[in-house]
Structure formats: C-alpha cells, structure tokens
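Sharing a model prediction with you, sequence too.
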Amino acid sequence: MKSLVLLALLTLLPLCSEAAGPFQATGFKTGEVTDTTAIIWTRLTRNEKRNPADGPMVTIDVKGKRDRNNTGVVGVTYPDGVTVADIRNAVPGTPGCVQIRYRIAGSDADWTETGWEPVDKKRDYVRHFQLTGLKPDSRYEVRVLSRKCPTSLRGQTITGSFRTAPAKDQASKVVFTVSTGQAYRDIDHDDGYYIYPSMRKLDPSFFVHTGDIVYYDQLGKTLELARYHWQRTYSLPTNVDFHNHVASYFIKDDHDTWQNDCWPSMKNKKMFEFTFKQGLALFHEQVPMSKPTYRTRRWGKDLQIWLVEGRDYRSPNNMRDSEGKSIWGAEQRAWFKGGVLGSDG
C-alpha cells in the first residue's frame, strides 16, 4: 500500500509543480538565425496569465497643463498598496531556472539540451541562450523547460519551433514578413493583433520588426514601466503563438528606444526617470539579438538582408546641416556601402 501511495504522489508531482510555477506567460522568441546558429530569449513569470485588464493603473503627474506626451512629468503615482507588478495587463517576473531542448522537427533524434540556467532578476527575469551547430535549411522543434532553483521542482514547459537559413550557396524558397508601428492602443483582436495569425498562415521563413515595437512616450516614465510595455505586448496570445514558431530579427526606432524623434545627447524632462541609456540596454534585454545592432544576414544563395541602426549613432536633429551630420554614423555607413557592393546575394 505504501508503494502505491508513493507511486501516485510521484505521478502527480509534475502537475503539482507546474501549478505552482514558474510560468512562461510571455512565451519565447528566437532571433538572429543564421544557417547554423540562433538566439533564444526566455523569461519566467510569477503567474500563468497576464494581470486582468480591469486592474489598477498608475497616474502620470504633470506640472502645469497636461498634453498628449506628458512633457512636464514630475512623478508617477500608484494606488495605495499597488506596485508595477499589480497594474492592469502586467506580467511580473519570478526567479527560477530554464533549459532549452531542441532537435530537427519530425526526427527521432535525441534532444540536444542546454544547461539549466538562472534567469536574471536585474534584467526582468530574462535569459538568452546561444544555439550553435545547427543544420542549414531545417525546422527545429523547441521545448523551453522551467523549474524553481535550487530545487528540481518543475514549472511550466512550452513548445515551439523555428527554421534555420539555407547555406550561402544553397538556392531555396524564402518567404518573410515585415511589420512596424506596434502601438498597444491599436489592438484589433480579442487576443491581440490580427496580423500575427495572418502572417503565421504564410509559414514565413522569418519575420522582421522594423521598429516602434512598443511606445514608451506617454507611460514609460521609469525603467519598471518601460519593461511593463514589453510584458503586456508579449503576453498577448497572438504575439506569443507567433513568436513561439517564427524566428525574428528586431530593429529599434525612437519609440522603443526612449521617446519620439530621439537621439543620444537629447535632453528634456518628458521621460522623467527613464533615460536614453536605459532604453538602449532594455532593448537588448527584451529581444534576442547580437551586437552591434547593425548587421547583415544571409538566407541562401539569393537573399541577403541588412538590418540597420538609426538611433545609437544619430546626430542631433537640431544640429546644423553639414557633411558631418548623420543618422547612421560614419562607421555604419562605410560598413553598409562595403557590404552592399561586395554582396553576391
């Protein structure tokens, strides 16, 4: 009888563990895919789902007349007893460890496993994994496992897939999709945005988001509130499902760097405690990408794409027009010219 009871408990343990978390309500993202490598972004969450849409919300305190962009911000007020983890649509993170398992889809091969790695509390409970030694032009299935650390109690496991690029000399059909300007107020689907399931039906090889992925301007007045923008956007079911199955390349623009029409030396009080420098670091935290932020990727014999950086090296907009005024900076401009001229894609 004791053996039967023990067996029953062991059988139920994974279910009990997952019910207690950690969870992965923001899914995972695969980025910077080449013919042999990829980066997988993961994040652990306290709860299985995002906070309710009718929850409490912060108030932005403005000195003088309030305008659309809150230019004279003097503070952020939370309702009594409320933190950023409690506001509507937030997805608070949680400590724990994650592991990636992957193999070519449809095969009977053993799973390749990463080590169990802790998420980073100082970086929104995120962990990035660099995968190497992949086979070109192949679809990989992925499992992202979670557990509490240092115990081995398992949390939620989520699954998905991505495709690697063909080798440079390999002719292959390539279908890709591109989007920009993803304002939260433009949600048009009960679960997020119609564009994501529509793109998924095309079975794209990869996806490019060309910037303004989130819009910090009106609400992102602290680092915590800036992170909140990513949490609420990438816990939308349409976004989670798409990114769990399609590899992406991300480019940042002004609104997902800091504020409208911004440049590195720009100064004003519009963004309160959130800084341009924090915005640069936050983008690397929240998407799977490499450095530098301008780069080129090859998809087989016939396609090469260039992903450029329009904020990091930008001259002030109000600088007098001259030969030295630049959006890309001299180094990036030279890299782009040389790359395009030398490409056989």
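In hand now; what should we look at? All figures in this text were calculated on a predicted structure; none of them were measured in a lab. Residues are numbered from 1 along each chain as shown.

give me the number of residues near Lys291?
7 (other Cβ atoms under 10 Å). For every residue, glycine as well, the C-beta is placed using N, CA and C.

Quick check: chain neighbours aside, which residue is closest to it?
His284 (7.6 Å; Cβ to Cβ, 6 or more residues apart in numbering).

Lys277 versus the one you found, what's the distance?
From His284 over to Lys277 the distance is 12 Å, taken as Cβ to Cβ, to the nearest Å.

got it, and Asn239?
27 Å.

How about Tyr196?
Relative to Lys277, and taking Cβ to Cβ, Tyr196 is found at 31 Å.

With Lys148 instead?
If you go by Cβ to Cβ, the gap between Lys148 and Lys277 works out to 33 Å.

Between the two, which is the more surrounded one?
Lys148 (18 against 10).

That one and Leu44 touch, don't they?
No: taking contacts as Cβ atoms under 8 Å, Lys148 lies outside contact range of Leu44: 9.6 Å.

any common contacting residues for those two?
Gly21, Pro22, Pro95, Gly96, Gly155 (Cβ atoms under 8 Å, 6 or more residues apart in numbering).

Would you check that the last one makes contact with Val119?
No: at 11.3 Å, Gly155 and Val119 do not qualify as touching, with contact defined as Cβ under 8 Å.

Find residues that contact each of those two.
Leu44, Gly96.

on that earlier part again, most neighbours, which of the shared contacts of Lys148 and Leu44?
Result: Pro22 is most packed of the shared contacts of Lys148 and Leu44 (other Cβ under 10 Å), 29 neighbours.

Looking at the closest residue to Val308 other than its chain neighbours now. What's its pLDDT?
Leaving aside its sequence neighbours, Val308 sits nearest to Tyr294 (Cβ to Cβ, 6+ apart; 5.1 Å). Listed pLDDT for Tyr294 reads 98.

Contact partners for Tyr294?
Applying Cβ under 8 Å, 6+ apart, the residues near Tyr294 are Trp306, Leu307, Val308, Glu309, Trp328, Gln332, Trp335, Phe336.

got the CA coordinates for stretch 149-156 in CSV?
C-alpha atoms of stretch 149-156 as CSV (Å, rounded to 0.1, in the frame of the first residue of the first chain):
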residue,chain,number,x,y,z
CYS,A,149,16.1,27.0,-8.2
PRO,A,150,17.9,25.5,-6.5
THR,A,151,15.3,22.7,-6.2
SER,A,152,14.4,20.5,-9.2
LEU,A,153,10.6,21.1,-8.9
ARG,A,154,9.4,21.6,-12.5
GLY,A,155,7.4,24.5,-13.6
GLN,A,156,5.7,25.2,-17.0
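
Pull out the buried positions in it.
Cys149, Leu153, Arg154, Gly155, Gln156 (16 or more other Cβ atoms under 10 Å).

just checking, Ala183 touches Asp217?
No: with contact defined as Cβ under 8 Å, Ala183 does not count as touching Asp217 (10.1 Å).

Quick check: which ranges of the stretch 1-150 of the chain have low pLDDT?
Scanning the stretch 1-150 of the chain for pLDDT under 70 picks out the ranges 1-17, 65-71.

Helices of that one, residue ranges please.
2-19 (DSSP state H, counting those that start in this stretch).

Which stretches in it count as strands?
Remark: strands assigned in the stretch 1-150 of the chain by DSSP state E, counting those that start in this stretch are 29-31, 38-43, 59-62, 73-77, 97-104, 112-113, 117-118, 126-131, 139-147.
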